[in-house]
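Student: the following comprises the amino acid sequence and a computationally predicted model.
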Amino acid sequence: MPSIVKPVATHPSLQRNALDLTIRDYEGTMSTLCAGCGHDSITAALTRALWEVATPPHMIAKLSGIGCSSKTPAYFVTGAHGLNSAHGRMPPIATGANAANRELVCIGISGDGDSLSIGLGHMCHAIRRNVRMIYVIENNGVYGLTKGQFSASADVGSKSKRGEPNRMAPIDSVMLGLSIGATFIARSFSGDKDQLVPILKAAVSHRGFALIDVISPCVTFNDHEGSTKSYLYTRRHELKATETDFVPPASEILAQIGQNGAVNVTMHDGSMVRFKGVPPNYDPTDRGKVMDYLEEHQGQGEVVTGLLYLDESVPDMHEMNKTPDIALTKIPYQKLCPGRAALDRLQDDFR
Amino acid sequence: MPSIVKPVATHPSLQRNALDLTIRDYEGTMSTLCAGCGHDSITAALTRALWEVATPPHMIAKLSGIGCSSKTPAYFVTGAHGLNSAHGRMPPIATGANAANRELVCIGISGDGDSLSIGLGHMCHAIRRNVRMIYVIENNGVYGLTKGQFSASADVGSKSKRGEPNRMAPIDSVMLGLSIGATFIARSFSGDKDQLVPILKAAVSHRGFALIDVISPCVTFNDHEGSTKSYLYTRRHELKATETDFVPPASEILAQIGQNGAVNVTMHDGSMVRFKGVPPNYDPTDRGKVMDYLEEHQGQGEVVTGLLYLDESVPDMHEMNKTPDIALTKIPYQKLCPGRAALDRLQDDFR
Amino acid sequence: MPGARWCQVMRDRVNDFALKLANVNGTGSASANGLLMQAIFRMGIPVSGKNLFPSNIQGLPTWYEIRVNKNGYTARSLDYDLMVAMNSQTYARDIREVREGGYLLYDSSWPLDPELLRDDVHFLGVPFAQLCNDNFRDSRERILMKNIAYAGTLVAALQVDMEIVSTLLEEKYAGKKKLSESNTRALRLGYDYARDHFDCPLPFHLEKMDANGDKILIDGNTAIALGCVYAGATVAAWYPITPSTSAMDAFKVFCEKYRKDPETGQNNYIIIQAEDELSAIGMVIGAAWNGARAFTSTAGPGISLMNELLGFAYYAEIPAVIIDVERVGPSTGMPTRTQQGDLLECAYASHGDTKHILLFPSNPAECFEFAPVAFDLAERFQTPVFLMSDLDIGMNDWVVPRLQWDDGYQPDRGRVLSLEEIQQLSKFQRYTGEDENQVAARTLPGVHPKASYFTRGSGHNKYGGYTETPSEYQEVMDRLLKKHQAAAKFVPAPIIHRRPDAIFGIVTLGGCDPAVREALDLLAERGVVGDFMRVRGFPFDSAVESFLAEHDINFVIEQNRDAQLRSLLTLETNVSKDKLRSVLVYGGFPLSARHVIDGVLEELGIELKPVFVAAGRPAGEVPMEE
Amino acid sequence: MPGARWCQVMRDRVNDFALKLANVNGTGSASANGLLMQAIFRMGIPVSGKNLFPSNIQGLPTWYEIRVNKNGYTARSLDYDLMVAMNSQTYARDIREVREGGYLLYDSSWPLDPELLRDDVHFLGVPFAQLCNDNFRDSRERILMKNIAYAGTLVAALQVDMEIVSTLLEEKYAGKKKLSESNTRALRLGYDYARDHFDCPLPFHLEKMDANGDKILIDGNTAIALGCVYAGATVAAWYPITPSTSAMDAFKVFCEKYRKDPETGQNNYIIIQAEDELSAIGMVIGAAWNGARAFTSTAGPGISLMNELLGFAYYAEIPAVIIDVERVGPSTGMPTRTQQGDLLECAYASHGDTKHILLFPSNPAECFEFAPVAFDLAERFQTPVFLMSDLDIGMNDWVVPRLQWDDGYQPDRGRVLSLEEIQQLSKFQRYTGEDENQVAARTLPGVHPKASYFTRGSGHNKYGGYTETPSEYQEVMDRLLKKHQAAAKFVPAPIIHRRPDAIFGIVTLGGCDPAVREALDLLAERGVVGDFMRVRGFPFDSAVESFLAEHDINFVIEQNRDAQLRSLLTLETNVSKDKLRSVLVYGGFPLSARHVIDGVLEELGIELKPVFVAAGRPAGEVPMEE
Ligand SMILES: Cc1ncc(C[n+]2csc(CCOP(=O)(O)OP(=O)(O)O)c2C)c(N)n1
Ligand SMILES: Cc1ncc(C[n+]2csc(CCOP(=O)(O)OP(=O)(O)O)c2C)c(N)n1
Ligand code: SF4
Ligand code: SF4
Ligand SMILES: [Mg+2]
Ligand SMILES: [Mg+2]
């Protein structure tokens, strides 16, 4: 993951968050991605969201696999530890990281190749464990870093740069997540920071695995006419199913309700997610309804975006395993080692 | 995979199929599974179905991964080549086998561990490629061969033999298959040969990947009270969504229609699948409706069985790749090698 | 006794014989066999039990071998004084394995096929099935109780201490009255029948002695799990695989016992059943990156799958402990058989230039002892460490010295910067400032923003920055090589026993230990004198090289086809490979002294007759392979 | 010329120099660089081009090196006579690399930082940006055309044949009038500027010659793909990975050209983009099991992931061809840099005892030639065969002899029973009846029910039946070992060149070939005479062993840290390892003769000054590592 040191230039008037940090404190090294790459917009949204929720930089763990998308962790929050692992293997490594230290906000960044091909099994099982983490798929329908092969998210009929159509049905991470019990499922568009930032903020508060699939056009290999993952196509076909406000614990609800209904979901940490403009017959807390809606609209070629499904009732991996609230790494060794006397007693059984 | 030579004993009065073969000709070596293991009933159904459709034994390829379930291929059709591969890797090997020789009826047998954990990504991608094969998951909710750990298909709350409840949401192969575009999806019960045999026969004719999840209780590790994959539980909670008749090409339709509606689907090879007793508001050719139905009934703890979804409109891997109708292995080398003259011409470009 | 013919009077032998019990798996024989073994152990007699079981849940042949030896030679014997033939499927081959003049105990409920009789073997028939049918109702119980019944017969025939056996049954079925009664009844059935029909005890039999002191009976997987608990491991990730599964099962049991916070009821550990081995090692790496002591346990196929991430951990310098309980490979191979076949795979796991640290425990006591060593080394050297056990060590019960624990032990967490240290830094640079072992300090997430760095498996320079510059890349790789070499001084030193006038050396590892020692003793008695070295870790300590250099001939005894230890010694010491001769046994059953003696004598071109083995008996005529 | 200072008069050198072009990737420099290289090739002059590019799509430093040598020494040079410095990011390090008295061409649209000037280098400034801004509108075009403009300058400065360059542009942009015009214009801009401002040509320059005959210019990945087409491969399964991706891309292109049935339009091949490498090798195995010639192409990380199934194919005896285009490992390493770091991983891939067949082509011509050999061996020996290429061979254009094809070639399908043969059998037993190479006949699915058998990676006996019996298991494993040894006679024999009075041998493999040959020539000229051997396959032919045995010192030259070829030679020949000395270069750039000479002389303890290299120039003062 190439990275270049970014010229430091702090603007004195920059706003400060609850930790008295400016957004600069949430930035990373300079991106080496292609100019215009969707992934860089996601970086910007992440930077913004983390600054807004004011997570201390060192309490963030950033992990990724391999791919252009997987370079993202280098480009935000330099003050956080980052780990750029092997292709497709981020979910287990993040699971281990979370297992050891649940106090960190664990952010995994992946690509559609990384997550839906080589890492598919791992992602599904991280979902199943409801590992508390934010899992962003920077979805461009191709393998960017290896120069433009179709990924498993390519739609039927979408054309490669060479003009060849993809023939296989896509694996849609949203439908997939619904089918295997994901508890937080969103789709967004890298071009739409206003939508993405509140989703990311909600994800930080979510009790478990937050799956966020972001359509993130690859300007170099998949932004041409005939591609269904181009900026143009996505803009033209986007259908915002919900709009989301994230309301931190003990804040007043200021959000305006859209034409359609609204749904509020209280998060485990006391914050609230407020769905505005929920269409009739849609309920982001009802899996069946969400599936219906998606089946109907996606079938028509629409790109349905928003925080689509949310379930705060499922315990996360740590809760299921009844671990302490603090990081396992904080438990002193004396508590972990039963000591010599216990060993002596135990060995009376081995006779 | 241990196997014992079975005592040969042919009953003279045994019926003969279209190839003049008796059902004995479709049997394999003697099972070494535990007495009463659900997997052995599936073996019996496979034997029966293959005999009924009268596939020539040597035109069958049987493949599997590793597990008790994966031993099954040894136990049917001795006259077919079998391949017992590595844990979770059957789908790619079967894909390769089918790629080389599409004329074979390719039957993959797997377990819930083999398919839903270690092999999950592979299975999903074989589905995506619509590889023409029958894919049976012998689903017992546990890892039988390694002595009873929960598999990913274990339901929330289902208890292990030691009494511990599973806490994680299951990966349901049927919902999963629906979400990623599988074209033939069935669930059955090893105890119900009448249901399973016609489904298997239909699968032989299917244009693509036929996913058949068969609840197959493990008498040794998961047939106790508190398990949701026991014989008793499955019998008590089974809900047959559809009944299926398989009508070979150019046969008369004799099937009786049940109380509910009926749906006929013509298969690519001219045979027909006749769904009898289809409940109102259910349509095995409408993905959205099938999801709805499953979401509703499975949510109530019911085990919905039958050939649940069928789509004959999707080209299989070979069709997508425009290969010839015959096996690629049958193309003579002379047709494959461009020869010296062509090489000479070509090299003028390398200057 | 029907069919028994006396061909040779056996000399009395006390506490020196071997028996083999042939059963069908899934019929409950294991507990009867274990009972016998445990009773002998409690009688203070050196004993070993080897379970030779199939990869199957029910219905296939399974054997159990018990060797009793007052001198402490408890490696596997290939000369069976008594065969308990309870499996009609394997009867024909079982009878062939009894040594001349030995005994065969069988179920005489049905007549024996006269074809299967042997002149030179004593046949003891007991109608076990009939006895159990007459005495028990339930059909499952009838099957199960046959096992306890033959145990009863053996108690009589071998003079096992009945009091000890009764105590064991009591302990086992405490609170389960019905079970206790049935077992006691079945035991008596076999016992009484033997007393009534045979001259008990047999010429070879048991007498209490005091050779076991406060030793314990434990399998390696249990011991290794206990070692992990004591080492302070908090995160375990695994995927079930024979023969390593019971290690994680044991870890769970111990954690439930020792790691539940008494006040809060919370678990001071987490065990994650991963979706596969790629994931399991990933979880270990993720946890270790965060500073937890984390491990996985697996077998060969799992190691193969972990290759890529092992290279990642090596290159990114993240600790990881991998327990490899080896079985017979390649591929699925024989999952329930033992081998030492993963040495090369583990030593050099992953593409590119990699070298890993390996530890070779030889028995459950060392499994326990080396577990904390593995974590210490993984953290000190910031790299994967393999604990190489195998099925024989891991799944068989061994009599070993009582496990020791020093309450003064403090985990060696290696060079991890504390908050204070970080605050004093002007800038943290991940791979600089290496110590004398070439290890640079690391930092953990969650401590301080100044300590953050980017961990990557792609090319990086010593500052942790991305690089594609050859010199920067090489600099890091060169340090890694030196770091690996530095670990040689920290792995457990080899065990060396020298004898005056030794004409050769023997090098071995792991569970070969008892067979090799026995063989060396027996050879020495006959004037063929060799020195002994058991390596316990890789990279090799200089003592390993010196030992090899001292001898013109070093036999390398190991359980694989391709001489993998010899290969490592060839590549990773300066000793000339001509000095290294292989004795290889890789059929899947534990090593016996006979394998070693035959191999050594053949290579030396020496013929010794009678060569073998226990208490002055003639060499067994039984073919060596079973 | 601004900033240029003449420090040393360069002697005229024709067709003997090296240039390096420093660019930013994603800006279109590749086609300009390729154009130059191709033009020189067409001038009949021995030439090589090495693309040193980053693992990134856009914006990072990238270099291209062209070496011209009338004597045919076209290994990478480390002494750059001319640097084309088009990347301000790397300007400082680029300038340092120019040899004393050399030249630097830069974009003088902006003033040079005086700090970066060197006394001993000639500076040639051309305002490329300004010229292009003045002449082109579109901003992207302005960027792209700068490259063609500097190519134009070089055409003038080095005296590239303008007619050839024009033809090349015409061929390239045939039918694309606008593009053709822009390119021609840009070329002229640079050309004219040079003519107007500099003494053209430079003291080192080109003159047509006729050294290339009917040679071709091709990269190894293209050649290997073509070889697979000619070998009759019908099933290809792969997962994208640098640097192997272009092999599969080329295979696709050739299949589209040659494998579409002219009558039906159907594809007589199938290429499957797998979900990962575990799957890709699985598909190959499944297809080969059915009798198709199937292959995959990958790089180190893929090999790591394939480990388990490679062991399966080895043990179940299923053919498979794996193209490993090596890159710098371990882990992700440097994906766009070259290394020979997967030898050990491939030779012994998988847990348990395994040995695989490896082929080592040294250039694209051998890539083409060895592809059918790989399939033949895989089928003859029913086992995985690795074609070990690397990034340097695979992705750089090489001048090689025209590829040859014998229309009499018939694939060696190995021992596959036909229907007739099957019908004559009473019973088919998979692993019996082995031939002199220890290969037993196999059958394919779909032929006849009597031929069916059960393929398994679990323990099996020679009949293919499941076994857990040691002797049966060992029997099969022992045959596999002998089978592997038998393959030694079938892999391509080593290339050996002996010189009278040689005092040492040099052993190398793959793409090291040209650098090693050059080094040996140069050393010999100076009286340090060595013999040459390039191994081309593993297991090693007896000629390999003889060569090694002949010499007291054999230098093993290879591109990895851990001396992996030396390790294989140590383990798999009888030669004493003291005879094998390593020269290792593993920074990721192709080998140069200087690396070899320095390594050899150092080991020999000989000092020769001036050692180096082309046409009597003094040794470069530039640090060797870049
Ligand atoms: C084991 C392995 N196989 C293949 C690769 C090569 N590779 C690098 S990135 C990549 C795909 C990236 O696609 P995606 O995840 O969609 O990321 P993008 O570049 O499109 O953002 C592949 C195949 C690898 N690094 N490792
Ligand atoms: C790579 C690898 N990991 C683990 C194993 C051990 N293993 C054998 S079978 C099995 C699980 C089988 O479960 P399932 O597929 O559900 O089959 P069942 O026995 O329940 O029919 C496992 C984990 C293995 N053989 N290979
Ligand atoms: S290749 Fe595509 S995905 Fe990669 S950086 Fe460029 S635009 Fe982004
Ligand atoms: S353990 Fe379970 S799955 Fe395996 S054979 Fe026995 S009953 Fe069947
Ligand atoms: Mg992508
Ligand atoms: Mg199962």
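Tutor: Now that the structure is in, tell me what you want to look at. Numbers count the residues shown, from 1 in each chain, chains lettered A, B, ... in the order given. Ligands and ions are numbered 1, 2, ... in the order given.
Student: contacts and neighbour counts: CA atoms only from here.
Tutor: OK.
Student: quick one: stretch C:547-564 near chain D?
Tutor: Yes. Under the criterion of Cα under 8 Å from any Cα of the partner chain, stretch C:547-564 makes contact with chain D via C:560, C:561, C:562.
Student: just the residues contacting that stretch, thanks.
Tutor: By Cα atoms under 8 Å, 6 or more residues apart in numbering or on different chains, the surrounding residues in contact with stretch C:547-564 are C:339-341, C:343-344, C:503-509, C:512, C:516, C:533, C:565-566, C:575, C:578-586, C:591, C:596, C:600, D:352-353, D:477-478.
Student: what comes up buried for it?
Tutor: Neighbour counts over stretch C:547-564 (16 or more other Cα atoms under 10 Å in any protein chain shown) mark C:547-549, C:551, C:553-564 as buried.
Student: tell me the one of those residues nearest ligand 3?
Tutor: residue C:564 (43.8 Å; Cα to the nearest ligand atom).
Student: now that closest one: phi and psi?
Tutor: phi -70, psi -40 (degrees, to the nearest 10).
Student: I'd say residue C:601 and residue C:594 touch.
Tutor: No. Taking Cα atoms under 8 Å as the definition, residue C:601 is not a contact partner of residue C:594, at 10.5 Å.
Student: quick one: low-confidence residue ranges for chain A.
Tutor: Scanning chain A for pLDDT under 70 picks out the ranges A:1-13, A:252-260.
Student: okay, and residue C:427 sits in which element?
Tutor: In the assignment (DSSP states H and E), residue C:427 maps to no helix and no strand.
Student: count the neighbours of it for me.
Tutor: Using other Cα atoms under 10 Å in any protein chain shown, the number of residues around residue C:427 comes to 11.
Student: now it: closest residue in space that isn't a chain neighbour?
Tutor: Take residue C:427 and drop its neighbours on the chain: the residue closest to it by Cα to Cα, 6 or more residues apart in numbering or on different chains is residue C:450, 7.0 Å away.
Student: select from the contacts of stretch C:547-564 every entry located in helices.
Tutor: Within the contacts of stretch C:547-564, residues falling in helices by DSSP state H are C:343, C:344, C:516, C:565, C:566, C:596, C:600, D:477, D:478.
Student: where does the stretch 151-300 of chain A come near chain B, residue by residue?
Tutor: For the stretch 151-300 of chain A, the contact set with chain B under Cα under 8 Å from any Cα comprises A:167-172, A:175-176, A:179-181, A:288, A:291-292, A:295-296.
Student: filter those residues to the buried ones?
Tutor: Buried by 16+ other Cα under 10 Å: A:167-172, A:175-176, A:179-181, A:288, A:291-292, A:295, out of those.
Student: coming back round to it: give me the subset of the contacts of stretch C:547-564 that also touch ligand 4.
Tutor: Among the contacts of stretch C:547-564, no residue lies close to ligand 4 (Cα under 6 Å from any ligand atom).
Student: ok, of these, which come out buried?
Tutor: Neighbour-count burial (16+ other Cα under 10 Å) applied to those gives C:339-341, C:343-344, C:504-509, C:512, C:516, C:533, C:565-566, C:575, C:579-586, C:591, C:596, C:600, D:352-353, D:477.
Student: I'd like to know which of the buried ones among the residues of the stretch 151-300 of chain A next to chain B is nearest to residue D:226.
Tutor: Using Cα to Cα, residue A:167 is the member of these that sits closest to residue D:226, with 26.3 Å.
Student: so how far is residue B:299 from that closest one?
Tutor: 34 Å (Cα to Cα, to the nearest Å).
Student: okay, residue C:601 and residue C:594: which has more neighbours?
Tutor: Taking neighbours as other Cα under 10 Å, residue C:601 and residue C:594 compare with residue C:594 leading, 25 against 15.
Student: is the helix or strand that that one is a member of anywhere near chain D?
Tutor: Mapping residue C:594 onto the secondary structure by DSSP H and E places it in helix C:593-604. No. Using Cα under 8 Å from any Cα, helix C:593-604 stays clear of chain D, with a minimum separation of 13.4 Å.
Student: for stretch C:253-267, C-alpha coordinates in CSV please.
Tutor: Taking Å, rounded to 0.1, in the frame of the first residue of the first chain, the C-alpha atoms of stretch C:253-267 are listed here in CSV:
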residue,chain,number,x,y,z
VAL,C,253,-13.0,-27.4,30.1
PHE,C,254,-10.1,-25.8,31.9
CYS,C,255,-11.3,-22.3,31.1
GLU,C,256,-14.7,-23.1,32.5
LYS,C,257,-13.0,-24.3,35.6
TYR,C,258,-10.4,-21.6,36.1
ARG,C,259,-11.4,-18.6,34.0
LYS,C,260,-14.9,-17.8,35.1
ASP,C,261,-14.7,-14.7,37.2
PRO,C,262,-16.0,-15.8,40.6
GLU,C,263,-17.6,-12.4,41.2
THR,C,264,-19.1,-11.5,37.9
GLY,C,265,-19.5,-14.9,36.3
GLN,C,266,-17.8,-13.5,33.2
ASN,C,267,-15.4,-15.5,31.1
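Student: near chain B at all, it?
Tutor: No. Shown here: stretch C:253-267 not in contact with chain B (Cα under 8 Å from any Cα), separated by at least 12.0 Å.
Student: in that stretch, which residues are buried?
Tutor: For stretch C:253-267, using 16+ other Cα under 10 Å, the buried residues are C:254, C:255, C:258, C:259, C:260, C:261, C:266, C:267.
Student: out of those, what pair is the most spread apart?
Tutor: Longest distance between any two of the buried residues of stretch C:253-267 is 14.6 Å, between C:254 and C:266; criterion Cα to Cα.
Student: ok so, going back, in helices only, show me the buried residues of stretch C:547-564.
Tutor: Going by DSSP H, the helices hold C:547, C:548, C:549, C:564 from the buried residues of stretch C:547-564.
Student: between these, which sits nearest ligand 2?
Tutor: residue C:564 (22.0 Å).
Student: check which helix or strand covers the spatially most central residue of chain C.
Tutor: Compute the mean C-alpha point of chain C, and by Cα atoms, centre = their mean the closest residue is residue C:393, 1.1 Å away. Element membership for residue C:393 (DSSP H and E) is helix C:391-395.
Student: and the following helix or strand past that helix, what's buried?
Tutor: Sequence-wise, the next helix or strand downstream of helix C:391-395 (DSSP H and E) is strand C:397-400. For strand C:397-400, the neighbour count (16+ other Cα under 10 Å) marks C:397, C:398, C:399, C:400 as buried.
Student: helices or strands next to strand C:397-400 in the packing?
Tutor: strand C:47-52, strand C:216-219, helix C:364-381 (3 or more Cα pairs under 8 Å, 6 or more residues apart in numbering or on different chains; DSSP states H and E).
Student: next one: it to chain centre, how far?
Tutor: Relative to its chain's centre, strand C:397-400 lies at 10 Å (Cα atoms, centre = their mean, to the nearest Å).
Student: repeat for stretch C:398-408
Tutor: Counting by Cα atoms, centre = their mean, stretch C:398-408 is centred 17 Å from the centre of its parent chain.
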